[in-house]
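With the sequence up front, the predicted model follows.
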Amino acid sequence: MTDHTVEVRELGVRYRRSVALDSVSFSLRTGVTGLLGPNGAGKTTLLRALATALVPDTGEIRVLGQDPRDPGQRTEIRRRLGFLPQDPGFHPNFTAFEFVDYVAILKEMTHRGRRHDEVRRVLDAVGLSEHRGKRIRMLSGGMKQRVALAAALAGEPELLILDEPTVGLDPEQRLRFRELIADIGEGRTVLLSTHQTEDVAALCRRVVVLDHGVVKFDGDPVGLSAVAQGRVWSSAERDPQALAGWRTGQGTFHNIGSPPPGAAIVDPALEDGYLLLLDDTGRRAGQGAAA
Ligand SMILES: Nc1ncnc2c1ncn2[C@@H]1O[C@H](COP(=O)(O)OP(=O)(O)OP(=O)(O)O)[C@@H](O)[C@H]1O
(Lines give C-alpha, C1' and ligand atoms only; values in the text may rest on other atoms or scores of the structure.)
Protein backbone atom coordinates (compact mmCIF):
# COMPACT_ATOMS: atom_id res chain seq x y z
CA MET A 1 0.00 0.00 0.00
CA THR A 2 1.12 3.61 -0.66
CA ASP A 3 1.71 6.71 1.41
CA HIS A 4 -1.89 7.85 1.55
CA THR A 5 -3.15 8.87 4.99
CA VAL A 6 -5.98 6.40 4.62
CA GLU A 7 -6.23 3.47 2.30
CA VAL A 8 -9.14 1.09 2.24
CA ARG A 9 -9.48 -1.95 0.01
CA GLU A 10 -12.58 -4.02 -0.48
CA LEU A 11 -13.86 -3.35 2.98
CA GLY A 12 -16.86 -5.39 4.03
CA VAL A 13 -18.98 -5.14 7.20
CA ARG A 14 -22.10 -7.19 7.82
CA TYR A 15 -24.52 -6.89 10.68
CA ARG A 16 -26.86 -9.77 11.34
CA ARG A 17 -29.57 -8.62 8.96
CA SER A 18 -27.81 -6.22 6.65
CA VAL A 19 -24.67 -5.53 4.66
CA ALA A 20 -23.41 -2.16 5.92
CA LEU A 21 -20.32 -1.97 3.68
CA ASP A 22 -19.92 -3.95 0.50
CA SER A 23 -16.40 -4.02 -0.94
CA VAL A 24 -15.61 -0.35 -0.30
CA SER A 25 -12.29 0.92 -1.69
CA PHE A 26 -10.84 4.42 -1.59
CA SER A 27 -7.88 6.40 -0.37
CA LEU A 28 -7.42 9.79 1.24
CA ARG A 29 -4.69 12.38 1.23
CA THR A 30 -4.30 15.82 2.81
CA GLY A 31 -7.34 18.07 2.57
CA VAL A 32 -11.00 17.86 3.47
CA THR A 33 -13.03 15.01 1.96
CA GLY A 34 -16.80 14.89 2.35
CA LEU A 35 -18.62 11.61 2.86
CA LEU A 36 -22.22 11.94 1.73
CA GLY A 37 -24.97 9.36 1.83
CA PRO A 38 -28.58 8.87 2.90
CA ASN A 39 -29.56 7.36 6.26
CA GLY A 40 -28.27 3.84 6.59
CA ALA A 41 -25.77 4.20 3.72
CA GLY A 42 -22.92 2.91 5.89
CA LYS A 43 -21.13 6.19 6.67
CA THR A 44 -20.93 5.69 10.43
CA THR A 45 -19.81 2.10 9.97
CA LEU A 46 -17.02 3.21 7.63
CA LEU A 47 -15.85 5.99 9.97
CA ARG A 48 -15.88 3.66 12.97
CA ALA A 49 -13.80 1.12 11.07
CA LEU A 50 -11.25 3.83 10.18
CA ALA A 51 -11.20 5.09 13.77
CA THR A 52 -10.46 1.54 15.01
CA ALA A 53 -13.79 1.40 16.86
CA LEU A 54 -15.05 -1.49 14.74
CA VAL A 55 -13.30 -4.49 13.22
CA PRO A 56 -14.39 -5.11 9.61
CA ASP A 57 -15.28 -8.61 8.41
CA THR A 58 -13.25 -8.41 5.21
CA GLY A 59 -10.81 -6.14 3.42
CA GLU A 60 -7.72 -4.12 4.26
CA ILE A 61 -7.31 -0.81 6.07
CA ARG A 62 -4.20 1.31 6.47
CA VAL A 63 -4.44 4.46 8.53
CA LEU A 64 -1.30 6.60 8.73
CA GLY A 65 0.56 3.61 7.37
CA GLN A 66 -0.60 1.39 10.24
CA ASP A 67 -2.74 -1.73 10.22
CA PRO A 68 -5.54 -1.49 12.83
CA ARG A 69 -5.63 -5.29 13.20
CA ASP A 70 -2.24 -5.20 14.90
CA PRO A 71 -2.64 -4.13 18.58
CA GLY A 72 0.54 -2.01 18.64
CA GLN A 73 -0.28 -0.28 15.36
CA ARG A 74 -3.87 0.23 16.50
CA THR A 75 -2.64 2.17 19.55
CA GLU A 76 -0.40 4.25 17.29
CA ILE A 77 -3.41 5.14 15.09
CA ARG A 78 -5.47 6.14 18.13
CA ARG A 79 -2.74 8.48 19.34
CA ARG A 80 -2.51 10.27 15.99
CA LEU A 81 -6.22 10.37 15.20
CA GLY A 82 -9.02 12.78 16.12
CA PHE A 83 -12.46 11.21 16.07
CA LEU A 84 -15.78 12.93 16.57
CA PRO A 85 -18.31 10.10 16.83
CA GLN A 86 -22.06 10.54 16.36
CA ASP A 87 -22.54 9.87 20.05
CA PRO A 88 -19.49 11.12 21.96
CA GLY A 89 -20.47 9.33 25.20
CA PHE A 90 -20.28 12.38 27.43
CA HIS A 91 -20.24 11.96 31.15
CA PRO A 92 -22.91 14.59 31.97
CA ASN A 93 -21.29 15.60 35.22
CA PHE A 94 -17.95 16.38 33.63
CA THR A 95 -17.23 19.97 32.81
CA ALA A 96 -16.26 20.81 29.21
CA PHE A 97 -12.64 21.10 30.38
CA GLU A 98 -12.71 17.79 32.21
CA PHE A 99 -14.16 15.96 29.23
CA VAL A 100 -11.57 17.27 26.77
CA ASP A 101 -8.84 16.64 29.33
CA TYR A 102 -10.07 13.08 29.76
CA VAL A 103 -9.88 12.47 25.99
CA ALA A 104 -6.40 14.02 25.95
CA ILE A 105 -5.34 11.59 28.70
CA LEU A 106 -6.65 8.69 26.58
CA LYS A 107 -4.45 10.00 23.78
CA GLU A 108 -1.52 9.57 26.14
CA MET A 109 -0.72 13.23 26.68
CA THR A 110 0.97 12.50 29.95
CA HIS A 111 2.52 15.88 30.78
CA ARG A 112 -0.18 17.59 32.84
CA GLY A 113 0.82 21.21 32.22
CA ARG A 114 1.25 20.81 28.46
CA ARG A 115 -1.99 18.81 28.28
CA HIS A 116 -3.94 21.51 30.09
CA ASP A 117 -2.51 24.15 27.73
CA GLU A 118 -3.69 22.02 24.83
CA VAL A 119 -7.18 21.61 26.34
CA ARG A 120 -7.44 25.39 26.70
CA ARG A 121 -6.23 25.87 23.13
CA VAL A 122 -8.82 23.56 21.55
CA LEU A 123 -11.67 24.89 23.70
CA ASP A 124 -10.69 28.36 22.57
CA ALA A 125 -10.57 27.20 18.92
CA VAL A 126 -14.22 26.10 19.11
CA GLY A 127 -15.26 29.27 20.96
CA LEU A 128 -15.90 27.67 24.34
CA SER A 129 -13.26 29.31 26.53
CA GLU A 130 -15.84 31.04 28.67
CA HIS A 131 -17.84 27.87 29.19
CA ARG A 132 -15.03 25.48 30.00
CA GLY A 133 -16.01 25.22 33.67
CA LYS A 134 -19.66 24.40 32.94
CA ARG A 135 -21.02 20.91 33.36
CA ILE A 136 -21.83 19.26 30.04
CA ARG A 137 -25.42 18.59 31.03
CA MET A 138 -25.93 22.37 31.34
CA LEU A 139 -24.75 23.07 27.77
CA SER A 140 -26.94 23.46 24.67
CA GLY A 141 -26.84 20.86 21.88
CA GLY A 142 -24.62 23.05 19.71
CA MET A 143 -22.21 23.64 22.58
CA LYS A 144 -22.00 19.92 23.34
CA GLN A 145 -21.17 19.36 19.69
CA ARG A 146 -18.35 21.88 19.99
CA VAL A 147 -17.01 20.18 23.13
CA ALA A 148 -16.86 16.93 21.15
CA LEU A 149 -15.10 18.72 18.32
CA ALA A 150 -12.58 20.23 20.75
CA ALA A 151 -11.87 16.73 22.09
CA ALA A 152 -11.30 15.49 18.54
CA LEU A 153 -8.87 18.36 17.87
CA ALA A 154 -6.78 17.75 20.99
CA GLY A 155 -3.19 16.82 20.23
CA GLU A 156 -3.22 18.19 16.66
CA PRO A 157 -4.16 14.87 15.05
CA GLU A 158 -2.81 14.10 11.59
CA LEU A 159 -6.14 12.60 10.62
CA LEU A 160 -9.49 13.98 11.72
CA ILE A 161 -12.63 11.86 11.32
CA LEU A 162 -15.87 13.73 11.91
CA ASP A 163 -19.28 12.03 11.95
CA GLU A 164 -21.97 14.62 11.19
CA PRO A 165 -20.18 17.42 13.03
CA THR A 166 -22.56 20.22 12.03
CA VAL A 167 -25.67 18.63 13.53
CA GLY A 168 -27.09 21.00 16.13
CA LEU A 169 -25.01 24.00 15.08
CA ASP A 170 -26.72 27.28 14.22
CA PRO A 171 -25.74 29.06 10.96
CA GLU A 172 -23.12 31.25 12.63
CA GLN A 173 -21.52 28.31 14.41
CA ARG A 174 -21.55 26.37 11.15
CA LEU A 175 -19.67 29.15 9.46
CA ARG A 176 -17.08 29.18 12.25
CA PHE A 177 -16.85 25.44 12.06
CA ARG A 178 -16.20 25.60 8.31
CA GLU A 179 -13.41 28.13 8.81
CA LEU A 180 -11.84 25.96 11.46
CA ILE A 181 -12.01 22.76 9.41
CA ALA A 182 -10.78 24.53 6.27
CA ASP A 183 -7.71 25.70 8.23
CA ILE A 184 -7.06 22.25 9.64
CA GLY A 185 -7.49 20.69 6.20
CA GLU A 186 -4.62 22.85 4.87
CA GLY A 187 -2.02 20.51 6.27
CA ARG A 188 -3.92 17.50 7.45
CA THR A 189 -6.43 14.91 6.31
CA VAL A 190 -10.04 15.40 7.31
CA LEU A 191 -12.90 13.02 6.53
CA LEU A 192 -16.27 14.56 7.20
CA SER A 193 -19.51 12.62 7.09
CA THR A 194 -22.56 14.78 6.57
CA HIS A 195 -26.06 15.11 5.18
CA GLN A 196 -25.37 18.76 4.38
CA THR A 197 -24.45 19.19 0.74
CA GLU A 198 -23.78 22.90 1.49
CA ASP A 199 -20.98 21.91 3.88
CA VAL A 200 -19.43 19.74 1.19
CA ALA A 201 -19.74 22.46 -1.47
CA ALA A 202 -18.18 25.02 0.89
CA LEU A 203 -15.39 22.91 2.37
CA CYS A 204 -14.40 19.82 0.47
CA ARG A 205 -12.03 19.38 -2.38
CA ARG A 206 -13.19 15.84 -2.73
CA VAL A 207 -16.43 13.98 -2.11
CA VAL A 208 -17.27 10.31 -1.74
CA VAL A 209 -20.91 9.25 -1.99
CA LEU A 210 -21.90 6.06 -0.23
CA ASP A 211 -25.26 4.38 -0.76
CA HIS A 212 -26.33 0.93 0.41
CA GLY A 213 -22.76 0.25 1.51
CA VAL A 214 -21.31 0.91 -1.95
CA VAL A 215 -19.21 3.86 -3.22
CA LYS A 216 -21.39 5.55 -5.85
CA PHE A 217 -19.16 8.54 -6.55
CA ASP A 218 -15.57 9.49 -5.76
CA GLY A 219 -14.36 12.77 -7.24
CA ASP A 220 -14.44 16.53 -6.86
CA PRO A 221 -17.57 18.55 -5.99
CA VAL A 222 -17.70 19.99 -9.52
CA GLY A 223 -17.90 16.45 -10.89
CA LEU A 224 -20.80 15.63 -8.57
CA SER A 225 -22.68 18.76 -9.65
CA ALA A 226 -22.03 17.76 -13.28
CA VAL A 227 -24.12 14.60 -12.78
CA ALA A 228 -27.08 17.00 -13.00
CA GLN A 229 -25.85 18.95 -16.03
CA GLY A 230 -28.79 19.62 -18.35
CA ARG A 231 -31.21 18.03 -15.85
CA VAL A 232 -32.11 21.06 -13.75
CA TRP A 233 -34.60 23.67 -14.89
CA SER A 234 -36.70 26.47 -13.51
CA SER A 235 -40.37 27.05 -14.15
CA ALA A 236 -43.10 29.41 -12.99
CA GLU A 237 -45.36 26.55 -11.83
CA ARG A 238 -44.64 23.18 -10.30
CA ASP A 239 -43.63 20.81 -13.13
CA PRO A 240 -45.39 17.44 -12.72
CA GLN A 241 -42.72 15.83 -14.94
CA ALA A 242 -39.98 16.65 -12.43
CA LEU A 243 -38.52 13.97 -10.26
CA ALA A 244 -38.32 16.55 -7.49
CA GLY A 245 -39.09 20.23 -7.40
CA TRP A 246 -39.24 22.97 -4.83
CA ARG A 247 -40.13 26.62 -4.73
CA THR A 248 -37.11 28.89 -4.41
CA GLY A 249 -36.81 32.16 -2.55
CA GLN A 250 -37.48 33.95 -5.85
CA GLY A 251 -40.88 32.27 -6.12
CA THR A 252 -39.98 30.11 -9.16
CA PHE A 253 -39.71 26.32 -9.06
CA HIS A 254 -36.38 24.51 -9.14
CA ASN A 255 -36.90 21.15 -10.87
CA ILE A 256 -34.64 18.17 -11.35
CA GLY A 257 -35.15 15.15 -13.59
CA SER A 258 -35.78 14.95 -17.34
CA PRO A 259 -36.55 18.48 -18.53
CA PRO A 260 -39.40 18.95 -21.03
CA PRO A 261 -38.53 20.46 -24.46
CA GLY A 262 -37.81 24.18 -24.25
CA ALA A 263 -37.28 24.09 -20.46
CA ALA A 264 -35.22 26.91 -18.91
CA ILE A 265 -32.13 24.87 -18.00
CA VAL A 266 -30.09 26.23 -15.08
CA ASP A 267 -26.64 25.42 -13.72
CA PRO A 268 -26.76 22.49 -11.32
CA ALA A 269 -25.70 22.70 -7.69
CA LEU A 270 -23.95 19.90 -5.83
CA GLU A 271 -27.23 18.93 -4.17
CA ASP A 272 -28.87 18.40 -7.60
CA GLY A 273 -26.06 16.08 -8.67
CA TYR A 274 -26.23 14.18 -5.40
CA LEU A 275 -30.02 13.67 -5.57
CA LEU A 276 -29.91 12.57 -9.20
CA LEU A 277 -26.98 10.23 -8.58
CA LEU A 278 -28.91 8.47 -5.81
CA ASP A 279 -32.01 8.30 -7.97
CA ASP A 280 -30.10 6.99 -11.00
CA THR A 281 -28.32 4.28 -9.06
CA GLY A 282 -31.47 3.44 -7.08
CA ARG A 283 -33.37 2.92 -10.30
CA ARG A 284 -30.62 0.82 -11.82
CA ALA A 285 -30.62 -1.36 -8.69
CA GLY A 286 -34.41 -1.66 -8.97
CA GLN A 287 -34.19 -2.71 -12.60
CA GLY A 288 -31.49 -5.20 -11.70
CA ALA A 289 -33.69 -6.71 -9.03
CA ALA A 290 -36.64 -6.95 -11.39
CA ALA A 291 -34.61 -8.61 -14.17
N1 LIG B 1 -25.03 -2.20 15.50
C2 LIG B 1 -25.77 -2.50 14.44
N3 LIG B 1 -26.49 -3.65 14.39
C4 LIG B 1 -27.22 -3.99 13.32
N5 LIG B 1 -27.30 -3.24 12.19
C6 LIG B 1 -26.62 -2.08 12.17
C7 LIG B 1 -25.82 -1.64 13.28
N8 LIG B 1 -25.25 -0.45 12.96
C9 LIG B 1 -25.68 -0.15 11.73
N10 LIG B 1 -26.49 -1.12 11.23
C11 LIG B 1 -27.09 -1.17 9.89
O12 LIG B 1 -26.04 -1.00 8.93
C13 LIG B 1 -26.42 -0.11 7.89
C14 LIG B 1 -25.47 1.09 7.83
O15 LIG B 1 -25.64 1.87 9.00
P16 LIG B 1 -24.75 3.16 9.31
O17 LIG B 1 -25.14 3.66 10.68
O18 LIG B 1 -23.32 2.87 9.07
O19 LIG B 1 -25.28 4.20 8.20
P20 LIG B 1 -25.14 5.79 8.12
O21 LIG B 1 -24.85 6.09 6.68
O22 LIG B 1 -24.15 6.28 9.10
O23 LIG B 1 -26.59 6.30 8.50
P24 LIG B 1 -27.02 7.70 9.21
O25 LIG B 1 -26.80 8.76 8.21
O26 LIG B 1 -28.47 7.45 9.49
O27 LIG B 1 -26.21 7.85 10.45
C28 LIG B 1 -27.88 0.24 8.16
O29 LIG B 1 -28.69 -0.65 7.42
C30 LIG B 1 -28.03 0.02 9.65
O31 LIG B 1 -29.36 -0.31 9.96
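On my side now, so go ahead.

all contacts plus neighbour counts: C-alpha atoms, from now on.
Will do.

Listing request: residues of the stretch 1-150 of the chain with sub-threshold pLDDT.
1-3 (pLDDT under 70).

Ignore what I typed, I meant the stretch 151-291 of the chain.
The stretch 151-291 of the chain contains residues with pLDDT under 70 at 282-291.

make it 90
Filtered on pLDDT under 90, the stretch 151-291 of the chain yields the residue ranges 165-180, 183-187, 195-196, 237-241, 250, 279-291.

contacting residues for the residue nearest to the spatial centre of the chain?
Nearest residue to the geometric centre of the chain (CA atoms, centre = their mean): residue 193, 1.3 Å. Residue 193 makes contacts with 34-36, 43-44, 162-165, as judged by CA atoms under 8 Å, 6 or more residues apart in numbering.

switch to 6 Å and redo it
34-35, 163-164 (CA atoms under 6 Å, 6 or more residues apart in numbering).

now do residue 146
Each residue near residue 146 by CA under 6 Å, 6+ apart is listed here: residue 126.

in the helix or strand containing it, what's buried?
Element membership of residue 146 [criterion: DSSP states H and E] is helix 141-153. By 16 or more other CA atoms under 10 Å, the buried positions in helix 141-153 come out as 142-153.

ok, now stretch 167-178?
Neighbour-count burial for stretch 167-178 flags 168-169, 173-174, 177-178 (criterion: 16+ other CA under 10 Å).

Chain neighbours aside, what residue packs nearest to the residue in the stretch 51-200 of the chain that the ligand sits nearest to?
For the stretch 51-200 of the chain and the ligand, the shortest gap (CA to the nearest ligand atom) falls at residue 195, measuring 7.1 Å. In space, not counting the residues next to it along the chain, residue 195 is nearest to residue 36; the distance is 6.1 Å by CA to CA, 6 or more residues apart in numbering.

Test my guess that that neighbour contacts residue 209.
Yes. Under the criterion of CA atoms under 6 Å, residue 36 makes contact with residue 209 at 4.8 Å.
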